[in-house]
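Asks: whatever this is, show me its structure:
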Amino acid sequence: MYQVTQRNGQRGERGRGLLHPVTAARPNLHVMPFMHVERVLFEGTRAVGVQASQLGQAQELRAGAR
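Replies: Residues are numbered from 1 along each chain as shown. As a prediction, this is how the structure comes out:
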């Protein structure tokens with residue numbers, strides 16, 4: 001016998017168990033699979049975004065105003 005994580009007869013997955021409840025409650029949070037952050041971008045001492053790549057495509061993602 002071994003321990004399993006199940007819900008409604010299906011195997012529990014991280015995306016379903018951890019990410020889905022959080023992303024549903026926070027419309028400003030976007031999960032971007034296969035994203036690799038290479039550098040945090042600063043303006044002075046304030047972090048304003050990241051330089052990242054997703055499946056070989058380089059991108060610059062900046063934070064929106066609050």
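
Asks: what's the closest non-adjacent residue to residue 53?
Replies: Take residue 53 and drop its neighbours on the chain: the residue closest to it by Cβ to Cβ, 6 or more residues apart in numbering is residue 36, 5.3 Å away. Heads up, the C-betas are built off the backbone N, CA and C, glycines and all.

Asks: can you tell me which residues contact the one you found?
Replies: 52, 53, 54 (Cβ atoms under 8 Å, 6 or more residues apart in numbering).

Asks: can you classify the first one by secondary structure?
Replies: Put plainly, it is residue 52. Classification of residue 52 using DSSP: H, G, I helix; E, B strand; the rest coil returns strand.

Asks: bridge partners for it, pull those for me.
Replies: Counting by DSSP bridges, residue 52 is bridged to residue 37, residue 59.

Asks: and it, what's its pLDDT?
Replies: Here, the pLDDT recorded for residue 52 equals 96.

Asks: ok, it touching residue 37?
Replies: Yes - with contact taken as Cβ atoms under 8 Å, residue 52 and residue 37 are classed as touching, separated by 4.6 Å.

Asks: out of those two, which sits in the busier spot?
Replies: Taking neighbours as other Cβ atoms under 10 Å, residue 52 and residue 37 compare with residue 52 leading, 17 against 11.

Asks: please name the residues that touch that one.
Replies: Counted by Cβ under 8 Å, 6+ apart, residue 52 has contacts 35, 36, 37, 38, 58, 59, 60, 61.

Asks: quick check: the farthest pair among those?
Replies: 36 and 60 (13.5 Å; Cβ to Cβ).
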